[in-house]
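Visitor: Have a look; sequence and predicted model below, questions after that.
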Amino acid sequence: MSDVTAAKKPRGTDDVPVPPTLRKSLKNRHIQLIALGGAIGTGLFYGSSESIQLAGPSILLAYLVGGLAIFMIVRALSEMAVEDPKAGAFSYYATRYWSRRAGFISGWNYWFNYVLVAMVELAVVGSFVNYWFPNIPKWVSAAVFLVAIAALNLMGVNKFGEFEFWFAIIKIVAVLAMILGGLYVVIANVPTASGIRASFANWFTVDGGFLPHGLMTRNADGTWTGLLMALVVVMFSFGGTELIGITAGETENPRTTIPKATNGIIWRILVFYICALGVIMAVIPWSKIDGDSSPFVQIFDSVGVHAAAGILNFVCLTAVMSVYNSGLYANSRMLYSLAKQGNAPAYLGKLSKKGVPVGGVITSAIIIAIAVVVVFVWPEFAFNYLMSIATIAAAINWIMIMITEIKFRRMVAAGDGPAELKGLKGKEALDKIAFKLPFANVTPYVVIAFMLLVVVLMCFSASYRIAVIAGVIWLAVLFAAAQLALGKSGSERGEDAAVIVDAAAATAE
């Protein structure tokens, strides 16, 4: 198809699909484990201490409520991914069903978010290596892992999927071992270091019971604690679950694989967060989980298994590699999608013979390397300010996914849906959606309201308040950049923007 032909296509015609050289090599087991591994990271192994201190045993409710919200966000994304599987996922959908400006903001926001997340992961990788090899400079460890993971991503999507599969297996085994070990301590009545008998009754009887700080409590030092404040920490521990949507464009059979992986999220949250933390607080009184070490280490230390620290160090090292591996994959595909939309330089849309967007991988790796240098030179600036932007960027991303889903359904009902939905209108079209978001008439609005509540709660925390301020500035920067890049075309309707995407794809071919 020529550029002229693509540019003159009538409104509402089908998109030219992603170039066939983008390999659909991710198998069902890859997607299942990528989705599973995305919700398990250092935030669970170490960060859970902070959330437990904020809410006590009621943190289990926070994970249940937050998990339900993130499940609906991923369901909304998967609804679109099953019908229209494309690389870049929500950036492409925002462009196709909302506007070019929305696609620009969504894509670059997500890319920058993962740059910052990968930056922090690489910055701390040296700490885990130094546990065994204290004489190796941290910057050397960061450089080695950066180059190794970049090389892995250049080898092809099947290699990425295989490594993520095994990274996830390691994390899953670690969590299951902790749960089974904790259950053994409870059932066998093994003596613990705290002197308090291990029991699930400890949730309700120790140090204030199940809800020790209520919904929200202001302490003498002016800080806020309670169940609602814990929601802030909990929500951002779920970052990475939306990776399911990113993989849709390279999945062998997205119409069956994506729904399976998505529906599995809710039980994964139940097992790997609620069960794990529930067992921990049955063995160790919640008030004794102080954050000086991981609660996973504490639970084994409390019964005399002191090798747990070394084992967890290895698990966290693989978790860091997994996050960076996933981040580089997601960022390269996001840049590829942005290039196809005309929202990024054209070289980012070029594919290697192995179907890899080489420009996106190398560009993202270089920017991340620069960011890591910033961490080592100005650590306080990097962690206090740049990570604030990453925190709020996740909220922006999730809210935009829900708004895009609303607009997707409106276009489907109007007869402008993708693939098999094309030409169908109204209820007939909506009924043909293969993987529907539950209660789609109200769910997006409820989730958006919930995310806005989380943003408001962030204002009550000194450490997160700066993230809200940074988020407003960051959105203004993205809007200004979109206006400069797109001009008047930035406000085009989604169906008009889709023609531009078609033309870009045709040019690439």
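Guide: Yes, it's here.
Visitor: drop to CA atoms for contacts and neighbour counts, all remaining ones
Guide: Noted.
Visitor: Sketch out the low-pLDDT regions of the protein for me.
Guide: Scanning the chain for pLDDT under 70 picks out 1-23, 25, 35-39, 42-43, 291-293, 302-304, 381-384, 488-509.
Visitor: how about the strands in it?
Guide: Using DSSP state E, the strands found in the chain span residues 217-218, 224-225.
Visitor: just these: most buried one?
Guide: Per-stretch averages of neighbours, counted by mean count of other Cα atoms under 10 Å, single out strand 224-225 among the strands of the chain, with a mean of 21.
Visitor: What is that strand packed up against?
Guide: strand 217-218 (3 or more Cα pairs under 8 Å, 6 or more residues apart in numbering; DSSP states H and E).
Visitor: and the strand it packs on, which strands flank it?
Guide: Using DSSP bridges, strand 217-218 pairs in its sheet with strand 224-225 (antiparallel).
Visitor: where exactly do the helices run in the stretch 1-150 of the chain?
Guide: 3-7, 28-38, 42-45, 48-55, 59-83, 90-97, 100-130, 138-154 (DSSP state H, counting those that start in this stretch).
Visitor: Return the set of buried residues in the last one.
Guide: The neighbour-count criterion (16 or more other Cα atoms under 10 Å) identifies 138, 139, 141, 142, 143, 145, 146, 149, 150, 153, 154 as the buried residues of helix 138-154.
Visitor: what sits against residue 113?
Guide: 389, 390, 391, 393, 394 (Cα atoms under 8 Å, 6 or more residues apart in numbering).
Visitor: hmm, back to that, closest one to residue 171 among the helices of the stretch 1-150 of the chain?
Guide: Closest to residue 171 of the helices of the stretch 1-150 of the chain, according to Cα to Cα: helix 28-38, at 7.2 Å.
Visitor: With distance to residue 185 added, can I get the strands of the chain in TSV?
Guide: Output for the strands of the chain, formatted as TSV (distance: least, Cα to Cα, whole Å):
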stretch	distance to residue 185
strand 217-218	33
strand 224-225	30
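Visitor: what's the closest of the contacts of residue 113 to residue 216?
Guide: residue 391 (21.5 Å).
Visitor: and that closest one, how many residues sit next to it?
Guide: 24 (other Cα atoms under 10 Å).
Visitor: list the contacts for it?
Guide: Taking Cα under 8 Å, 6+ apart, one finds 113, 236, 467 in contact with residue 391.
Visitor: Give me the number of neighbouring residues for residue 216.
Guide: 16.
Visitor: Name the nearest residue to it, sequence neighbours excluded.
Guide: residue 226 (4.3 Å; Cα to Cα, 6 or more residues apart in numbering).
Visitor: That neighbour reaches residue 210, doesn't it?
Guide: No: if you go by Cα atoms under 8 Å, residue 226 and residue 210 don't touch, sitting 11.0 Å apart.
Visitor: Comparing these two, which residue is more hemmed in?
Guide: residue 226 (23 against 20).
Visitor: Tell me how far the more buried one lies from residue 342.
Guide: To residue 342, residue 226 is 46 Å away according to Cα to Cα, to the nearest Å.
Visitor: again with residue 305
Guide: Distance from residue 305 to residue 342, by Cα to Cα: 56 Å.
Visitor: the more surrounded of the two?
Guide: Neighbours were counted for residue 305 and for residue 342 using other Cα under 10 Å; residue 342 has more, 20 against 12.
Visitor: tell me the contacts of residue 358?
Guide: Contacts of residue 358 by Cα under 8 Å, 6+ apart are 154, 332, 348, 350, 351, 352.
Visitor: Just the ones of the residues you listed in helices?
Guide: 154, 332 (DSSP state H).
Visitor: Got a ChimeraX select line for the buried ones in the contacts of residue 358?
Guide: Those of those that count as buried under 16+ other Cα under 10 Å are selected in ChimeraX with:
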select :154,332,348,350,351
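Visitor: what's the closest of the contacts of residue 358 to residue 32?
Guide: Closest to residue 32, out of all of the contacts of residue 358 and judged by Cα to Cα, is residue 332, at 21.0 Å.
Visitor: number of nearby residues for the nearest residue to that closest one once chain neighbours are set aside?
Guide: Closest residue to residue 332 apart from its sequence neighbours, by Cα to Cα, 6+ apart: residue 360 at 4.1 Å. Residue 360 has 26 neighbours, counted by other Cα under 10 Å.
Visitor: Residue 423 now?
Guide: That count, for residue 423 with other Cα under 10 Å as the rule, works out to 16.
Visitor: What of residue 462?
Guide: 12.
Visitor: Go through stretch 469-479 and flag the buried ones.
Guide: So, applying 16+ other Cα under 10 Å, buried residues of stretch 469-479: 470, 471, 474, 475, 478, 479.
Visitor: contact partners of it?
Guide: With Cα under 8 Å, 6+ apart, stretch 469-479 has contacts from 101, 105, 108, 109, 385, 388, 389, 392, 393.
Visitor: In PyMOL, select just the buried ones from the residues you listed.
Guide: Per 16+ other Cα under 10 Å, the buried members of these correspond to this PyMOL selection:
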select buried, resi 101+105+108+109+388+389+392+393
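Visitor: Let me have the contacts of stretch 469-479 in CSV, extended by distance to residue 444.
Guide: Shown next, in CSV, are the contacts of stretch 469-479 (distance: Cα to Cα, whole Å):
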residue, distance to residue 444
101, 21
105, 19
108, 23
109, 20
385, 30
388, 25
389, 24
392, 19
393, 18
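Visitor: what sits against residue 108?
Guide: residue 478.
Visitor: Pull up the gap between it and residue 123, please.
Guide: 22 Å.
Visitor: Please apply the same query to residue 416.
Guide: Residue 416 is 46 Å from residue 123, by Cα to Cα.
Visitor: which of the residues in stretch 194-211 are buried?
Guide: 197, 198, 199, 200, 202, 203, 204, 206, 209, 210, 211.
Visitor: wait, which of those residues is closest to residue 162?
Guide: Nearest member of these to residue 162, counting by Cα to Cα, is residue 200, at 38.1 Å.
Visitor: what's the burial count for the nearest residue to that closest one once chain neighbours are set aside?
Guide: Once flanking residues are discounted, residue 200 sits nearest to residue 282: 4.7 Å by Cα to Cα, 6+ apart. Residues lying near residue 282 (other Cα under 10 Å) number 25.
Visitor: Surely residue 282 and residue 206 touch.
Guide: No: the pair residue 282 / residue 206 is not scored as a contact, 9.9 Å apart, by Cα under 8 Å.
Visitor: The contacts of residue 358: which two are farthest apart?
Guide: 154 and 348 (13.7 Å).
Visitor: Tell me, how many residues neighbour the spatially closest residue to residue 398 that is not a sequence neighbour?
Guide: Using Cα to Cα, 6+ apart and skipping the chain neighbours, the partner closest in space to residue 398 is residue 73 (6.6 Å). Residues lying near residue 73 (other Cα under 10 Å) number 25.
Visitor: give me every residue that touches residue 421.
Guide: 412, 415, 429, 432, 433.
Visitor: out of these, which are buried?
Guide: Buried among the contacts of residue 421 (16+ other Cα under 10 Å): 412, 415, 429, 433.
Visitor: tell me which of those residues is nearest to residue 130?
Guide: residue 433 (51.2 Å).
Visitor: got the contact list for that closest one?
Guide: 79, 83, 421.
Visitor: let's see it at 10 Å
Guide: Residues near residue 433 by Cα atoms under 10 Å, 6 or more residues apart in numbering: 79, 80, 82, 83, 409, 412, 417, 420, 421.
Visitor: swap in residue 124?
Guide: 138, 139, 141, 142, 317, 320, 372, 375.
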